[in-house]
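>>> need a 3D model of the sequence below.
(3 chains)
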Amino acid sequence: MSMSSSLTRTIMIGLLLLGLAGPIVTSQAADKTGKQSVVIQVSENNPAIWNLALNNAENIQEALGKGNVNIEIVAYGPGINMLKFDSEAAPRLKKASNDGVALIACATTMRKQKLTANDLDEHIKVVPAGVIEIMNKQRDGWAYIKP
Amino acid sequence: MSMSSSLTRTIMIGLLLLGLAGPIVTSQAADKTGKQSVVIQVSENNPAIWNLALNNAENIQEALGKGNVNIEIVAYGPGINMLKFDSEAAPRLKKASNDGVALIACATTMRKQKLTANDLDEHIKVVPAGVIEIMNKQRDGWAYIKP
Amino acid sequence: MSMSSSLTRTIMIGLLLLGLAGPIVTSQAADKTGKQSVVIQVSENNPAIWNLALNNAENIQEALGKGNVNIEIVAYGPGINMLKFDSEAAPRLKKASNDGVALIACATTMRKQKLTANDLDEHIKVVPAGVIEIMNKQRDGWAYIKP
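Take a look at the predicted model:
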């Protein structure tokens, strides 16, 4: 085959590869399907902060559409109280969960505070360490908000 | 053409492509012109935090040079009070704005608190949702600071 | 050579290049050696926050292994008090430093508060501006945690 056709093809394949590489940039704050994504940290024992975190989640869903954004609220340390079944935030947790907001509790914190799954609202998912969950999400390109 | 020359050329083009792909890494915390960029979140009704945010902006400009860094302060939730025309921070807002620091208010918060543009300092820009502005900036590679 | 063998080789080299490009994605929150990396900000004069920051560092090292993660705690503004030789956190600083956690003080804050290296715990490293250190780490792909 001719040199030029080989060169052309190589360049085209190169551009194709760039096309494949392209999503690397836009994957920041977006998952593999192109959704915007955000992890919200709650590490304070303060109902005003809990409500602000839930307001943030609601406002993000209103702005982008519930189906177009991944939202996780990760509670650890003194923030774990937000996710107890009898917390001031409990009435809002079911709605948030139904709306697709993932509510995540830190097992390390639970162990230190002698809490079990029975102490938490029923809509909570538990991860081994909240702070690792937040690091992993940032590594995967999720935005980070601490209300 | 010979296999080796084709291989060499393909590798060279590949390296060129890697060169093009390179900026993907350095685009983190930098805009398209290569400027460092940072979004500073203010979501607390606390003048000490407002001053710390403004100190942060000043120190960043001193360290990098005003022309070499993009800085946005985004106020939402209880932090909106920082940007009112009669806030304790007001005397510093004009200087920050003149120095090129963008001061951003959240329209969602304004609506909930029944605030209009007339209630805010004159140097403020309003965005539909402060939390979305912060997410977008992180997606675009800006650093995030919550003082 | 045949077109198909050239195409195959080009694609294989392309996949190799993608393999080289791959680390670009995973370099987020990881350094050049592939380590996970996190910068923890302390900007509050609050021993409960200082302990939470140190707990975070410990939990991250327990989860990932001390040798597999870079951790920096950067103190600035009112948070500088964490790093004084007589702070409530002092007894934990030596252990954190021995465990490989970098403890960083902001020289800009030190100057404003008329502090010298003699006022700080012996395990502290000083940088010109804490907030710039945090921005640089995020630019380099480190995760950011504000406890």
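>>> helices of chain A, start to end?
According to DSSP state H, chain A carries its helices in the segments A:3-21, A:23-26, A:47-64, A:90-98, A:107-112, A:130-139.
>>> the third one near chain B at all?
So the one you mean is helix A:47-64. Yes: Helix A:47-64 comes into contact with chain B when judged by Cβ under 8 Å from any Cβ of the partner chain, the residues involved being A:Ala48, A:Leu52, A:Asn55, A:Asn56, A:Asn59, A:Ile60, A:Glu62, A:Ala63, A:Leu64. In this view, the C-beta of every residue, glycine as well, is placed from N, C-alpha and C.
>>> what's the closest non-adjacent residue to the first one?
Put plainly, it is A:Ala48. Spatial nearest neighbour of A:Ala48, chain neighbours left out: B:Pro78 (7.6 Å); criterion: Cβ to Cβ, 6 or more residues apart in numbering or on different chains.
>>> thought that neighbour was touching B:Ser43?
Yes: assessed by Cβ atoms under 8 Å, B:Pro78 is found in contact with B:Ser43 at 6.5 Å.
>>> higher neighbour count, those two?
In terms of neighbours (other Cβ atoms under 10 Å in any protein chain shown), B:Ser43 is the more surrounded of B:Pro78 and B:Ser43; the figures are 26 against 19.
>>> least confident of the helices of chain A, on average?
Mean pLDDT is lowest for helix A:23-26 out of those, coming in at a mean of 36.
>>> before we move on, back to that, dump the residues of helix A:47-64 next to chain B to a markdown table, plus neighbour count.
Formatted as a markdown table, the entries for these read as follows, by neighbours: other Cβ atoms under 10 Å in any protein chain shown:
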| residue | neighbour count |
| --- | --- |
| A:Ala48 | 14 |
| A:Leu52 | 22 |
| A:Asn55 | 18 |
| A:Asn56 | 28 |
| A:Asn59 | 21 |
| A:Ile60 | 25 |
| A:Glu62 | 13 |
| A:Ala63 | 17 |
| A:Leu64 | 17 |
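>>> in these, find the pair that's most separated.
Every pair in those was compared (Cβ to Cβ); the two farthest apart turn out to be A:Ala48 and A:Leu64, at 24.6 Å.
>>> between B:Pro78 and B:Ser43, which contacts overlap?
Among the neighbours of B:Pro78, those also in contact with B:Ser43 (Cβ atoms under 8 Å, 6 or more residues apart in numbering or on different chains) are A:Leu52.
>>> which single residue of chain A ends up nearest chain C?
Distances between chain A and chain C by Cβ to the nearest Cβ are smallest at A:Arg139, namely 3.5 Å.
>>> that residue and B:Ala129, how far apart?
25 Å (Cβ to Cβ, to the nearest Å).
>>> wait, A:Thr109 sits on A:Met82?
No: taking Cβ under 8 Å as the definition, A:Thr109 is not a contact partner of A:Met82, at 11.3 Å.
>>> need the overlap of contacts for these two.
When Cβ under 8 Å, 6+ apart defines a contact, the residues bordering A:Thr109 and A:Met82 alike are A:Ala75.
>>> between those two, point out the one with more neighbours.
When A:Thr109 and A:Met82 are compared on other Cβ under 10 Å, the one with more neighbours turns out to be A:Met82, at 30 against 23.
>>> what's near enough to touch that one?
A:Val42, A:Pro47, A:Trp50, A:Ala53, A:Ala75, A:Ala89.
>>> from C:Ile71, how far out is it?
Applying Cβ to Cβ, one obtains 26 Å for the distance of A:Met82 from C:Ile71.
>>> same thing with A:Lys66?
Distance of A:Lys66 to C:Ile71, given as Cβ to Cβ: 36 Å.
>>> which one's more surrounded, the two?
Neighbours per residue (other Cβ under 10 Å) separate A:Lys66 from C:Ile71, with C:Ile71 holding more: 25 against 13.
>>> and the pLDDT at A:Tyr76?
At A:Tyr76 the predicted local distance difference test score is 98.
>>> contacts only, for A:Gln41.
Contacts for A:Gln41 were tallied using Cβ under 8 Å, 6+ apart; they are A:Val74, A:Tyr76, A:Gly79, A:Gly130, A:Ile134, A:Tyr144, A:Ile145, A:Lys146, C:Ile145, C:Lys146.
>>> from C:Gln36, how far off is the residue of chain A closest to chain C?
In this view, A:Arg139 and C:Gln36 are 7 Å apart by Cβ to Cβ.
>>> look at the two and report which has more neighbours.
When A:Arg139 and C:Gln36 are compared on other Cβ under 10 Å, the one with more neighbours turns out to be C:Gln36, at 23 against 20.
>>> correct me, but that one touches C:Asn68?
Yes: using Cβ under 8 Å, C:Gln36 and C:Asn68 qualify as a contacting pair, with a distance of 6.6 Å.
>>> count the neighbours of A:Tyr76 for me.
When neighbours are defined as other Cβ under 10 Å, A:Tyr76 has 29 of them.
>>> ok, now A:Asn118?
Other residues within reach of A:Asn118, judged by other Cβ under 10 Å, total 7.
>>> same question, the one 10 residues further on
By the criterion of other Cβ under 10 Å, A:Pro128 has 13 neighbours.
>>> report the separation between it and C:Thr116.
Relative to C:Thr116, A:Pro128 is positioned 42 Å away (Cβ to Cβ).
>>> same question, A:Ala75
Per Cβ to Cβ, A:Ala75 is found 40 Å from C:Thr116.
>>> which one of these two has more residues nearby?
Of the pair A:Ala75 and C:Thr116, A:Ala75 is the one with more neighbours under other Cβ under 10 Å, namely 28 against 9.
>>> how about the more buried one: what's its closest non-neighbour residue?
Closest residue to A:Ala75 in three dimensions, ignoring its sequence neighbours and counting by Cβ to Cβ, 6+ apart: A:Val42, at 4.4 Å.
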